[in-house]
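In: Sharing a sequence plus its predicted fold:
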Amino acid sequence: MRTVAFMSLRNAEPVRDVPSHLSTPAAAADLKIARAIVTLLDKYQLDPIIGLLAPGVGDIITTLIGGYLVSIAARRKVPPIVIARMLLNLGVDAAVGIIPLVGDVADFGIRANKKNLELMEARHERQAHWKDWLAVGGAAILVLGMFGLAIYGFIRLLGAIF
């Protein structure tokens, strides 16, 4: 991956490396929007505040806004496994956030949008990290287990009724 280094005027040393995929004007605009979303929802805590003020609906709204980060990642061609991990982060935030009061308190700590921005910036044009595969695989196993338990419970219920 090619990087562009910004140089300090004082000592002519690189101050920050910017990955080449973020150095185009369109990518820079996307990144600026993504950082603004993260600042509003996670740094200024609008995610839990909106969820508290409009239970259920507020969590759906903030999840849709967070989904825009995922669309930026897809447009920037982030590997699919990383996008799946970003969706997992957003899903956990939405699932926990929808629980009245408890979810709003938990929203102060989850910060899914910040995690997704970090994933988007770190994982582009590179192989997905083993942690990405582990997170998505673990979530898939958990969901399959939940479906299995639901089916088992349904069958037990039908057996008890009939």
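Out: In hand now; what should we look at?

In: Tell me where this structure is predicted with low confidence.
Out: Low-confidence segments of the chain, defined by pLDDT under 70, are located at 1-23, 124-127.

In: which residues in it form strands?
Out: Counting by DSSP state E, the segments of the chain that form strands are 3-7, 14-19.

In: Around the closest residue in space to Asn116 that isn't next to it in sequence, how many other residues sit close by?
Out: For Asn116, the nearest residue in space outside its immediate sequence neighbours is Met86; the separation is 4.4 Å by Cβ to Cβ, 6 or more residues apart in numbering. Any C-beta I mention is one placed from the backbone N, CA and C, and that applies to glycine too. By the other Cβ atoms under 10 Å criterion, the neighbourhood of Met86 contains 27 residues.

In: Please report how far Ala36 lies from Arg123.
Out: Taking Cβ to Cβ, to the nearest Å as the measure, Ala36 and Arg123 are separated by 21 Å.

In: what about the two, which has more around it?
Out: Of the pair Ala36 and Arg123, Arg123 is the one with more neighbours under other Cβ under 10 Å, namely 20 against 10.
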